[in-house]
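**Q** pasting the structure only:
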């Protein structure tokens, strides 16, 4: 199990945080996601997930991984 | 049937617009709601709805009627 920190651009409110958390949380192996729209900080905890999967999920939610 | 224009504070994105539209749309008699987070403009079309009902619905969604 590991935790990685990312920065996401474009989140403006709690709804945006929820969208990112939902999409990233659907990645196989991911067990926890936090998102803070004020800083853009997204932390992902789990096993065997890749940056590419996180970037794709963030894009699916409508935002951009920095 | 009439249309009234309101200004709502605090909407930052399309999710916020959806929240306002959903809550205001639940008011009895309301048939159409538009919301624009860039201007705060919310238009409500319907019959027999009151400003107080709109204010309450906007507050329920988490925003403030100006």
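**A** The structure has been received and is ready for your questions. This one's a predicted model, so the numbers in the text were calculated from it and none came from an experiment.
**Q** Per-residue pLDDT of the closest residue to chain B within chain A, please?
**A** Going by Cβ to the nearest Cβ, chain B is nearest to residue A:15 of chain A, at 3.1 Å. C-beta coordinates here come from the backbone N, C-alpha and C atoms, glycine included. Looking at residue A:15, its pLDDT is 96.
**Q** The closest residue to it other than its chain neighbours: which element?
**A** Counting by Cβ to Cβ, 6 or more residues apart in numbering or on different chains, residue A:15 lies nearest to residue B:15, which is 3.1 Å off, once chain neighbours are set aside. In the assignment (DSSP states H and E), residue B:15 maps to helix B:14-25.
**Q** What of residue A:3?
**A** Using DSSP H and E, residue A:3 maps to strand A:2-9.
**Q** now the helix holding residue B:15: how far from the chain's centre is it?
**A** 7 Å (Cα atoms, centre = their mean, to the nearest Å).
**Q** Can you list the buried residues in that helix?
**A** Within helix B:14-25, the residues that qualify as buried are B:15-17, B:19-21, B:23-24, counting by 16 or more other Cβ atoms under 10 Å in any protein chain shown.
**Q** Summarise which helices and strands that helix is packed against.
**A** Contacts defined by 3 or more Cβ pairs under 8 Å, 6 or more residues apart in numbering or on different chains; DSSP states H and E place helix B:14-25 against helix A:14-25, strand B:30-35, strand B:41-46, helix B:51-61.
**Q** For these, please prepare JSON lines with the additional fields distance to residue A:58.
**A** JSON lines is the format used below for the helices and strands packed on helix B:14-25 (distance: least, Cβ to Cβ, whole Å):
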{"stretch": "helix A:14-25", "distance to residue A:58": "6"}
{"stretch": "strand B:30-35", "distance to residue A:58": "25"}
{"stretch": "strand B:41-46", "distance to residue A:58": "29"}
{"stretch": "helix B:51-61", "distance to residue A:58": "26"}
